[in-house]
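In: The following comprises the amino acid sequence and a computationally predicted model.
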Amino acid sequence: MKKILLQLDVDTQPCPFDAIVAVDAGTEVLLRHAGVTPETVVPLTHGAMFTRGGGDLASTAIFLGGSDVAQVETVSQTVQQTFFGPVRVSVMVDPAGANTTAAAAVIAGARHLPINEPAAARSLKTVILGATGPVGQRAARLLAGKGVAVTLVSRSEARAAACAATIQTRHPDATLTATTTAELETALADADLILAAGAAGVELLSGEHRSKAHACRVFIDLNAVPPAGIAGISPTDKATASGQAICYGALGVGGTKMKIHRAAIASLFTANDRWLDAEELLTIGEALEPSA
Ligand SMILES: NC(=O)c1ccc[n+]([C@@H]2O[C@H](COP(=O)([O-])OP(=O)(O)OC[C@H]3O[C@@H](n4cnc5c(N)ncnc54)[C@H](OP(=O)(O)O)[C@@H]3O)[C@@H](O)[C@H]2O)c1
């Protein structure tokens, strides 16, 4: 039975990156659909559900992607509602690569900080710059889920507060703070981890600001396009020591992201009921690269 993946993308063109990873991860037949909406995803999902039966359903899977995270979330809810009983196929959700990238960033941080030790995690403080973007929001959600206190930074307090409120709904006990780039200094002073998830080619933390992050033990910059998101970080940094801190750049995190993406696609074909969203992708990554 051939492994068939339906790549369902909300954008006008299905993402070639997601297609190539799908093939590299063992997909034998890739069916690519663009411009997918909550309406059109229902017959597409039926096509995946009803063609093969029983154990053969595990050989069909769905990948949901595209650059608009909210749209992908809406489509993913419709896919979930379309399944019933055992008549379902496994699904991976990774809009704009945000879930796999955020998971890889959390794994990098956990190599140096007790993020995976529930009691110790609660005393950790994280600052996420560019926190309103797809990657930043997912990193904030994953860290909040681990019990880490998260400050979400945006140019707009309202946007940061809206993202924090969404995460708070999912994790009511989480310690979440919303702030603006103009009021960053207070949060920097006692941050253990600073993660830059801003737009490509934008410096979010200058050298002067960075020097105020006295307690910071890990800096992670996900931007690969010059200038760096955090002054002084190179895209190739991977657990690179800089003073008292450890630094990661986009390529230093990207290897883990690619491993998670490939392993997740492969795991879709091991059962017909897997649902791989940010948290499940982080669990896959943690198994691939244990923190201790
Ligand atoms: N290493 C990897 O494998 C990998 C994979 C995917 C993505 N990435 C990188 O991860 C980063 C985050 O991706 P994303 O898609 O989440 O980013 P994004 O949506 O393009 O931007 C994230 C946030 O950056 C802020 N921003 C945008 N333009 C700005 C400007 N001129 N000045 C200051 N802030 C600005 C915005 O927040 P506010 O408007 O609220 O301030 C925005 O929500 C990007 O650098 C991307 O290239 C890396």
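Out: Happy to help now that I have it.
In: burial of the closest residue to the ligand within the stretch 1-150 of the chain, as a residue count?
Out: Distances between the stretch 1-150 of the chain and the ligand by Cβ to the nearest ligand atom are smallest at G133, namely 2.4 Å. Placement of C-beta: from N, CA and C, glycine included. Counted with other Cβ atoms under 10 Å, residues neighbouring G133 total 21.
In: isn't E279 right up against A144?
Out: No - under the criterion of Cβ atoms under 8 Å, E279 is not in contact with A144, lying 11.1 Å apart.
In: Please say which of the two ends up with more neighbours.
Out: A144 (22 against 15).
In: Report the contact partners of the more buried one.
Out: V150, I167, R170, H171, A174, T175, L176 (Cβ atoms under 8 Å, 6 or more residues apart in numbering).
In: now with 6 Å?
Out: By Cβ atoms under 6 Å, 6 or more residues apart in numbering, A144 lies in contact with V150, I167, H171, A174.
In: And the helix or strand where the second one lies, what's buried?
Out: Right, I167. Per DSSP states H and E: I167 is located in helix 157-170. Of the residues in helix 157-170, E157, R159, A160, A161, C163, A164, I167 count as buried by neighbour count, 16 or more other Cβ atoms under 10 Å.
In: In a markdown table: those residues, plus pLDDT and distance to L268.
Out: Formatted as a markdown table, the buried residues of helix 157-170 follow (pLDDT from 0 to 100; distance: Cβ to Cβ, whole Å):
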| residue | pLDDT | distance to L268 |
| --- | --- | --- |
| E157 | 95 | 39 |
| R159 | 97 | 33 |
| A160 | 97 | 34 |
| A161 | 97 | 36 |
| C163 | 96 | 29 |
| A164 | 97 | 32 |
| I167 | 97 | 26 |
